[in-house]
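Asks: Sequence first, predicted coordinates after that:
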Amino acid sequence: MTTRLLLDEQLAALRDTLSRNETLLEVLNRTATLDLPGWYLTAGCLFQTVWNVVTGRPPAEGIKDYDVFYFDDRDLSWEAEDKVIRAAADVFAGLPAEVEVRNEARVHLWYEEKFGVPCAPYPSTEAAIDSFAATTCCLGVRLTPDGRWRVYAPHGLSDVFGLVVRPNPVLAPRAVYEAKTARWRRQWPELTVLDWPTA
């Protein structure tokens with residue numbers, strides 16, 4: 001059972017599992033060519049690939065997009081981020097999936113308007129990943145210049161492989177968690193979704 005493997009074995013299992021999603025591998029490889037500061041492929045495309053493989057579904061089934069985060073606080077203008085997004089669109093052309101590229105150094109500029117709660121500026125991409133609504137989502141992978149996988153998993157991998165969704169009430173409001181988990185339950189009814197904590 002993958003949830004009981006040693007950490008290095010879990011990391012090997014993660015790479016093996018994610019490698020079954022050919023689109024994900026292509027996104028990783030193409031993102032590496034963009035040379036974005038502090039980048040990670042993150043969120044749903046990772047843990048949902050694991051869920052698919054664990055439950056016997058096609059690896060890319062139900063994955064609506066592939067999120068690439070990077071961190072560049074040298075220029076917080078929309079124009080600078082949009083330039084990166086447009087360059088990325090050329091790099092990802094022809095892929096059978098949407099790839100969304102976002103500068104996490106800018107999130108605090110729009111987060112409150114979108115989600116109704118203020119967000120302090122992130123100091124890094126890792127800090128942004130730390131704030132996802134569920135700990136299961138807090139996962140990032142990137143390729144190093146020598147082709148090795150770098151994995152960021154602040155809450156480990158046991159819940160991801162164990163199909164457990166655990167709330168992470170550090171930023172996103174309860175409604176965001178509940179909307180996401182309701183959608184995931186419809187797609188992956190095998191999930192165990194833990195309730196948002198009450199005060």
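Replies: Sure thing, it's come through.

Asks: mind checking pLDDT for the residue nearest in space to the middle of the chain?
Replies: In the chain, the centroid-proximal residue (Cα atoms, centre = their mean) is Ala43; its distance is 1.6 Å. pLDDT, Ala43: 92.

Asks: which residues touch it?
Replies: By Cβ atoms under 8 Å, 6 or more residues apart in numbering, the residues touching Ala43 are Asp67, Phe132, Cys137, Leu139. C-beta: built from backbone N, CA, C; applies to glycine.

Asks: Then Trp184?
Replies: Contacts of Trp184 were listed using Cβ under 8 Å, 6+ apart, and they are Gln48, Val165, Leu191, Val193.

Asks: For stretch 23-34, give the mean pLDDT please.
Replies: The pLDDT scores in stretch 23-34 average 97.

Asks: Just the buried residues of that stretch, please?
Replies: Thr23, Leu24, Glu26, Val27, Leu28, Arg30, Thr31, Ala32, Leu34 (16 or more other Cβ atoms under 10 Å).

Asks: Next: stretch 12-19.
Replies: Result for stretch 12-19 [16+ other Cβ under 10 Å]: buried residues Ala13, Leu14, Thr17, Leu18.
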